[in-house]
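Colleague: Coordinates for the following, if possible.
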Amino acid sequence: MPVGYGLGDHRCFVVDFTLSSIVGRSLVRVKKLKARKLNTKLPRVAEKYNKLLEANLRRHNVDEDHRAAYFAKSKEEAHAAILCSEEKSKQYMAHAESHCRKIKSGRIPFSEESAIWIKRGEAYRTLLSYHAGKKVNRGNLKRKCRKLRIGGPFKLSVVEIAARLKACD
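Modeller: Numbering: from 1, shown residues only. Presented below is the predicted three-dimensional model:
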């Protein structure tokens, strides 16, 4: 249709395609991607990732690979040097990512007894923080200790708490 034809420049075209003509007969199965450990929304994780990556890049002289690519005599040599450098960088990124954060895999089967010991360990760590003068909600800590059957939590010395914490781990 020519421009300016009819009431306005808005036109409606209806085209009908079959799914097999667009996608084909055999549909591609979508693979589920592996979860990444890197979460840059957590500042601590991002800082550790950057620190590990920069250390690896310096240790393995990736800058020298870039210089070699820049001063290469032919395009083929430069291309090969850049590909090599990129492959190394990917490996260093994966290494830094795998070491910047721990994610629980769930390989340890759940049991009530292990959950109690884990919670007791958390309570003893909080008690140590309390004795170190850090800000801890005393009421919540007292309630948690009562629930876990830790008697007289504020009467325990730091040495006793440390010994009990070692028994929990």
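Colleague: contacts and neighbour counts: CA atoms only from here.
Modeller: Noted.
Colleague: Excluding covalently adjacent residues, which one is nearest to residue 40?
Modeller: Ranked by Cα to Cα, 6 or more residues apart in numbering and with sequence neighbours excluded, the top spatial neighbour of residue 40 is residue 46, at 4.9 Å.
Colleague: Check what contacts the helix or strand that neighbour falls within and list those residues.
Modeller: Per DSSP states H and E: residue 46 is located in helix 43-59. With contacts defined as Cα atoms under 8 Å, 6 or more residues apart in numbering, helix 43-59 is touched by 38-40, 63, 89, 92-93, 95-97, 99-101.
Colleague: Kindly export the worst-scoring helix or strand of the chain on mean pLDDT (C-alpha atoms) in PDB.
Modeller: Least confident helix or strand of the chain, by mean pLDDT, DSSP states H and E, is helix 19-23 with a mean of 71. Taking C-alpha atoms only, helix 19-23 is exported to PDB below (Å, rounded to 0.1, in the frame of the first residue of the first chain):
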ATOM      1  CA  LEU A  19       5.300 -23.900  13.700                       C
ATOM      2  CA  SER A  20       7.100 -26.500  11.700                       C
ATOM      3  CA  SER A  21       7.900 -24.000   8.900                       C
ATOM      4  CA  ILE A  22       9.600 -21.600  11.300                       C
ATOM      5  CA  VAL A  23      11.300 -24.000  13.800                       C
END
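Colleague: hang on, the earlier thing: Provide a PyMOL selection command restricted to the buried entries of the contacts of helix 43-59.
Modeller: Command for PyMOL that selects the buried part of the contacts of helix 43-59, burial taken from 16 or more other Cα atoms under 10 Å:
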select buried, resi 38+89+92+93+96+97+100+101
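Colleague: name the helices or strands packed onto the host helix or strand of residue 82?
Modeller: Element membership of residue 82, judged by DSSP H and E, is helix 75-99. The contact analysis (3 or more Cα pairs under 8 Å, 6 or more residues apart in numbering; DSSP states H and E) places helix 75-99 against helix 43-59, helix 62-70.
Colleague: okay, the angle between the first one and helix 75-99?
Modeller: So the one you mean is helix 43-59. 140 degrees (axes from the mean of the first three to the mean of the last three Cα atoms, to 10 degrees).
Colleague: got it, and the shortest one?
Modeller: Between helix 62-70 and helix 75-99, the angle formed by their directions is 160 degrees, by the same axes, to 10 degrees.
Colleague: Could you shift the numbering so residue one becomes 23, and keep it that way?
Modeller: From this message on, residue numbering opens at 23, which makes the last subject helix 84-92.
Colleague: For helix 84-92, the averaged confidence score.
Modeller: Mean pLDDT, helix 84-92: 85.
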